[in-house]
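>>> Mind folding the following:
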Amino acid sequence: MSSQQFRVSGRSSKRPSQEPAANAGVALLFCLATIASLVGVAATYYFFVRTTTGQFIDESALVEATELSGTAGKASTRFLDALPMISLAIATVVVLFVTVARRRWKAAGIAIAACVAANLATQVLKFLIPDRPDRGVQTLELNSLPSGHTTLAASAAAAVFLMVSPRWRPLAGFLGSTFAVATGISTLINQWHRPADVVAAFLVVGAVMLPAGWLIVRTGGGWNVWRGYGEHWAASRLWVWLTVLALLVASAVAGYSVLQVMPGLSTDSTVDYFWAGTAFIVIAGYLSALGGTWLFGLAARKR
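Okay, here's the model as predicted:
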């Protein structure tokens with residue numbers, strides 16, 4: 001009996017020291033991911049706005065989008081016109097339902113505040129970033145980075161992702177990133193934004209939502225429990241594999257399109273730059289979803 005008591009007390013004595021260490025490790029990953037997002041915004045701005053090569057690639061994708069104007073352009077224009085109401089409706093319905101039904105008041109406050117902060121950050125950046133410098137590329141000088149429409153869609157999807165329980169996050173990550181990616185591609189087809197503007201918007205949302213998500217995980221321990229894939233249909237690995245599949249297809253398209261215009265960045269391309277830019281948007285959006293699903297699953301894992 002005494003040996004059993006010793007083993008039990010040994011387990012109980014180790015558990016408190018293990019959990020803080022695990023939490024510190026996950027907190028470090030959240031911190032690194034946030035820093036990476038901020039560095040990504042700066043790097044995207046510097047290369048695609050401040051350098052000749054970056055401006056040429058970005059502007060070529062925007063110009064070549066006219067090749068797909070017409071039916072696709074009209075459809076995406078209607079989608080963009082309805083986007084503010086769609087984003088607001090989706091986020092409001094889910095957040096209100098989860099808040100009232102599950103009484104996650106603190107989580108709702110954090111998620112909504114982060115959503116507002118992400119959109120304010122985008123508008124502040126658009127105002128503070130100087131106009132595009134003259135690098136010998138024929139382009140509009142007015143700064144358009146980051147994309148406000150993409151930020152709105154991505155932040156609404158991220159707010160839903162943070163509010164739902166961990167078993168719903170694989171599905172929420174895939175659907176939310178699909179919605180955000182569709183928004184970004186629509187802004188490119190309509191020539192509202194360049195690919196770099198969309199990628200920067202994803203990174204801004206990540207930089208704001210990651211710290212907010214960590215706060216929600218730390219303050220919502222009662223419901224932030226992840227038991228692994230397969231416990232629920234929304235927690236199926238199918239959503240992860242669909243995300244991976246989209247990433248692989250986009251990577252193949254990006255690689256093929258870049259090879260068509262290399263070396264020396266050909267000026268004879270018709271739609272290769274557009275497809276490369278579209279592929280980079282898809283990669284940025286789905287990679288964010290894949291990383292977020294993994295990171296939040298790690299943070300909410302039942303120990």
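>>> Would you map the helices across the stretch 101-250 of the chain?
105-128, 148-163, 169-189, 195-219, 237-261 (DSSP state H, counting those that start in this stretch).
>>> now the ones you listed as JSON lines including mean neighbour count and mean pLDDT?
Placement of C-beta: from N, CA and C, glycine included. Shown next, in JSON lines, are the helices of the stretch 101-250 of the chain (neighbours: other Cβ atoms under 10 Å; pLDDT from 0 to 100):
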{"stretch": "helix 105-128", "mean neighbour count": "18", "mean pLDDT": "93"}
{"stretch": "helix 148-163", "mean neighbour count": "28", "mean pLDDT": "93"}
{"stretch": "helix 169-189", "mean neighbour count": "24", "mean pLDDT": "91"}
{"stretch": "helix 195-219", "mean neighbour count": "25", "mean pLDDT": "95"}
{"stretch": "helix 237-261", "mean neighbour count": "16", "mean pLDDT": "93"}
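>>> Quick one, which of those gets closest to Ile35.
Of all the helices of the stretch 101-250 of the chain, it is helix 195-219 that lies closest to Ile35, at 8.5 Å by Cβ to Cβ.
>>> returning to what we had before: ok, which of the helices of the stretch 101-250 of the chain comes nearest Ser288?
The nearest among the helices of the stretch 101-250 of the chain, by Cβ to Cβ, is helix 195-219 at 5.5 Å.
>>> Measure how far the closest one is from the centre of its chain, please.
7 Å (Cα atoms, centre = their mean, to the nearest Å).
>>> What angle do helix 105-128 and it make with each other?
150 degrees (axes from the mean of the first three to the mean of the last three Cα atoms, to 10 degrees).
>>> Can you spell out which helices and strands pack onto helix 195-219?
When contacts are defined as 3 or more Cβ pairs under 8 Å, 6 or more residues apart in numbering; DSSP states H and E, helix 195-219 packs onto helix 2-45, helix 52-64, helix 105-128, helix 148-163, helix 169-189, helix 272-299.
>>> Quick one: those helices as TSV, columns for distance to Asp197 too.
Supplementary listing: these in TSV, determined by distance: least, Cβ to Cβ, whole Å:
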stretch	distance to Asp197
helix 2-45	9
helix 52-64	8
helix 105-128	9
helix 148-163	7
helix 169-189	7
helix 272-299	10
